[in-house]
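Student: What follows is a predicted structure for the sequence shown.
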Amino acid sequence: MSVIHAKDRIVVLSHKEYLLKTYPDANKERVSQLFDICTPFRMDLEALALAKRIETNTESNKKKKKRKREALEFYPFQHEVDYLRKVYSEFIQNIKEDIFPGNPSIEEIKANNKGVRDHVKEVMMIMDRDFHRTCNEDEARKENFIIPENCQPIVCDILDFERYVTQDRKYFLILMDPPWENKHVKRAKGSGTDYKMMDNHFIQQIPVPNLLSEEGLVMIWCSNNKRHRSAVESWLEDWGLKKIVKWYWLKITKYGELICEFSGHKNPYEVLIIATNKNCETWRNVPDNNVLISVPSAIHSHKPSLQPVIDKYIPHLPNNRNNFINNVLE
Ligand SMILES: C[S@@+](CC[C@H](N)C(=O)[O-])C[C@H]1O[C@@H](n2cnc3c(N)ncnc32)[C@H](O)[C@@H]1O
């Protein structure tokens with residue numbers, strides 16, 4: 001089961017279990033290692049300093065905390081942070097210890113996830129083929145893509161997508177994880193953990209209205225950048241869609257700590273905007289503000305699969321054979 005807990009707005013997921021179940025032929029050890037995130041993201045020196053403070057029982061750096069608090073004052077989505085803090089504290093009180101027991105050891109704090117970081121470099125080298133080359137299903141299979149049952153892979157530039165589908169084909173679910181421009185990806189250029197970015201203006205040109213069925217859903221992963229959030233709003237308008245709900249993905253370590261603190265610059269969450277055609281009333285009962293909580297894969301930008309959550313909260317969505325999932329790693 002990859003939904004480990006679901007009550008009220010909190011949905012705890014295991015992305016690892018999902019991958020192991022969906023891809024039984026994949027290398028289990030390699031997959032599991034991707035999720036071996038023991039401590040929050042820190043610089044190595046910061047991790048060592050923290051370990052030392054714990055060992056010597058000394059105070060933390062208050063100045064830094066104050067700077068983080070100040071940065072949050074200018075954060076445009078403060079209401080989301082307030083909401084997620086409340087949900088997280090509920091999770092810590094009632095759920096954490098059963099599912100993510102214990103705390104990181106001093107050795108784990110010092111190691112600062114080095115094992116998993118090295119592992120990702122290795123995985124990225126193995127995957128360092130041309131992911132963006134156009135190829136059909138047979139080519140994809142030859143290229144060692146692991147393709148789940150009942151899926152038809154189309155690997156192409158998204159703006160050419162319509163060329164590869166039969167003209168009248170409509171999808172019940174379009175899941176988009178756009179290649180947002182962001183500082184991390186720019187900084188990581190050439191390191192193997194970056195991706196090709198796409199200007200928001202080009203993403204708007206994806207012919208979503210031609211591809212979506214009348215009662216279909218569009219789900220869009222979005223970062224916490226005001227410009228990107230506004231872009232999603234304008235795309236929806238342009239595509240004749242309306243937002244129905246917003247869900248959150250809160251990222252934690254294997255001991256249930258947030259992968260980073262809430263701050264004005266970096267946050268331990270992303271949002272998923274769910275939309276449908278403006279005149280469609282089918283999805284009025286989809287719950288708003290669900291918080292998906294999971295240990296993220298150490299591969300940058302790798303999202304947890306939404307299939308188990310969709311099965312649970314949107315069970316009337318027709319079967320997945322017709323779903324178009326823009327998820328290059330799955
Ligand atoms: C945010 S990542 C997707 C991550 C993926 N959903 C996952 O869970 O691992 C965006 C992806 O879009 C790809 N991309 C960038 N420009 C593209 C284009 N024009 N057509 C298709 N894919 C593109 C990037 O290379 C990157 O792999």
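Tutor: Sure thing, it's come through.

Student: which SSE is I146 in?
Tutor: I146 is part of no helix or strand, with elements assigned from DSSP states H and E.

Student: Report pLDDT for it.
Tutor: pLDDT, I146: 71.

Student: How about the one 10 residues further on?
Tutor: The per-residue pLDDT reported for C156 equals 81.

Student: for M124, same thing?
Tutor: Looking at M124, its pLDDT reads 82.

Student: from what I can see G102 touches Y255, true?
Tutor: Yes - contact criterion Cβ atoms under 8 Å: G102 and Y255 qualify, at 5.7 Å. For the C-beta atoms, the positions are set from N, CA and C on the backbone; glycine is no exception.

Student: Pick out whichever of these two has more residues nearby.
Tutor: Higher neighbour count among G102 and Y255: Y255, with 19 against 10, using other Cβ atoms under 10 Å.

Student: Can you name the residues that contact the more buried one?
Tutor: Counting by Cβ atoms under 8 Å, 6 or more residues apart in numbering, Y255 makes contact with C38, T39, F100, P101, G102, N103, P104.

Student: who wins for neighbours among those residues?
Tutor: T39 (22 neighbours).

Student: Surely that one is in a helix?
Tutor: No - secondary structure of T39 (DSSP: H, G, I helix; E, B strand; the rest coil): coil, not part of a helix.

Student: Not counting sequence-adjacent ones, nearest residue to it?
Tutor: P104 (4.9 Å; Cβ to Cβ, 6 or more residues apart in numbering).

Student: which residues of the stretch 51-200 of the chain fall in strands?
Tutor: 171-176 (DSSP state E, counting those that start in this stretch).

Student: where along it do the helices fall?
Tutor: With helices called from DSSP state H, counting those that start in this stretch, the stretch 51-200 of the chain shows them at 62-73, 78-94, 96-99, 106-111, 114-126, 137-142, 183-187, 200-203.

Student: and stretch 52-65, what's its mean pLDDT?
Tutor: Across stretch 52-65, pLDDT averages out at 79.

Student: Equivalent analysis for stretch 105-117, please.
Tutor: 97.

Student: ok, the host helix or strand of T276: who's next to it in the sheet?
Tutor: Per DSSP H and E: T276 is located in strand 269-277. Taking DSSP bridges as the criterion, strand 269-277 forms sheet pairs with strand 212-222 (antiparallel), strand 241-251 (antiparallel).

Student: nearest to S89, of these?
Tutor: strand 241-251 (11.8 Å; Cβ to Cβ).

Student: If I take that closest one and helix 78-94, what angle do their directions form?
Tutor: For strand 241-251 against helix 78-94, the angle by axes from the mean of the first three to the mean of the last three Cα atoms, to 10 degrees is 40 degrees.

Student: if we can go back for a sec, so which of the helices of the stretch 51-200 of the chain is nearest V271?
Tutor: V271 lies closest, by Cβ to Cβ, to one member of these: helix 78-94, at 7.5 Å.

Student: buried stuff in that closest one?
Tutor: For helix 78-94, burial by neighbour count (16 or more other Cβ atoms under 10 Å) applies to E80, V81, L84, V87, Y88, E90, F91.

Student: ditto for stretch 266-275
Tutor: N267, P268, Y269, E270, V271, L272, I273, I274, A275.

Student: contacts for that stretch?
Tutor: Against stretch 266-275 from outside (Cβ under 8 Å, 6+ apart): 80-81, 84, 217-224, 229, 232, 236, 241-252, 258-262, 283, 286, 292, 306.

Student: low-confidence ranges in the chain?
Tutor: Scanning the chain for pLDDT under 70 picks out the ranges 1, 61-72, 128-137, 139-145, 167, 184-196, 319-330.

Student: mind running it again at 50?
Tutor: For the chain, applying pLDDT under 50 flags the ranges 130, 321-322, 324-330.

Student: dump the residue contacts of the residue nearest to T39.
Tutor: For P104, the contacting residues are C38, T39, T253, Y255, E257, by Cβ under 8 Å, 6+ apart.

Student: try it again with 7 Å
Tutor: C38, T39, Y255 (Cβ atoms under 7 Å, 6 or more residues apart in numbering).

Student: circling back: out of the buried residues of stretch 266-275, which comes closest to N210?
Tutor: Looking across the buried residues of stretch 266-275 and measuring by Cβ to Cβ, the closest to N210 is A275, at 15.8 Å.

Student: Need the nearest residue in space to that closest one, chain neighbours excluded.
Tutor: That would be L241: by Cβ to Cβ, 6+ apart, it lies 4.3 Å from A275.
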